[in-house]
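Please work out how this folds:
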Amino acid sequence: MTKPIRLRPYRTNDVDAIFDAIIESHAELSRWMPWCHESYSRRETQQWVASQCEVADRLQERSFVIVDDRDQILGSCGIHRLDLINSVAESGYWVRSSATNQGIATAAMLQISDWAFKQAKLHRLELVISVENRPSLRVAEKLGATREGILRQRFQLNDRRHDGVLFSLLNSEQSPVDFQ
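Residues are numbered from 1 along each chain as shown. Sure, this is the predicted structure:
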């Protein structure tokens, strides 16, 4: 059973809680997220949060924190590589280690796809996941995303190239989700 989660915009006072979640999850995140490197610092979290607060009013990209009913930071998800001409974006997410295997990523992605289709008026949302990232591949499958193919050597992760699996969600195929 998935615990209730919600997505909300970043706030400047989230820095410490987000940094703690990243440090807790460093071993797992650093395998798949190039930004989560060996010397990742609180300052980098501060810069990221400030940038997200800045772009929140413009439809360039959009990230949200994933929180529980006590507003504890569970992770982050968002849309990026936004192409307004073609109404397409890529989506990504991460969940802190202590909150994995609870359906949180899937629930968050259902909400972010609903936001992307209803608020941002996108037609297509893409997920590109390393062929070796089994937990994220499982999230895409649980979402009902269509597996479209393999993008050869799509990622540079930890000094080697990884193939990526391209999944897509289409607005016309989505069922409604109650986004708060």
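
Helices of the protein, start to end?
15-24, 26-32, 42-55, 104-118, 134-143 (DSSP state H).

who touches the third one?
When contacts are defined by CB atoms under 8 Å, 6 or more residues apart in numbering, helix 42-55 is touched by residues 9-12, 14-16, 18-19, 22, 35, 61-63. To be clear about C-beta, it is placed using only N, CA and C from the backbone, and glycine gets the same treatment.

on that earlier part again, out of the helices of the chain, which is closest to K3?
K3 sits nearest to helix 104-118 of all these, at 7.4 Å, using CB to CB.

How about E38, nearest residue that isn't a chain neighbour?
Closest residue in space to E38, ignoring its immediate chain neighbours: S30 at 7.4 Å, by CB to CB, 6 or more residues apart in numbering.

picking that back up, pick the most buried one from the helices of the chain.
helix 104-118 (a mean of 23; mean count of other CB atoms under 10 Å).

got the contact list for it?
By CB under 8 Å, 6+ apart, helix 104-118 touches 2-3, 5-7, 62, 64, 66, 74-75, 77-79, 89, 91, 93, 95, 122-123, 125, 127, 135-136, 139, 142-143, 169, 171, 174, 176-177, 179.
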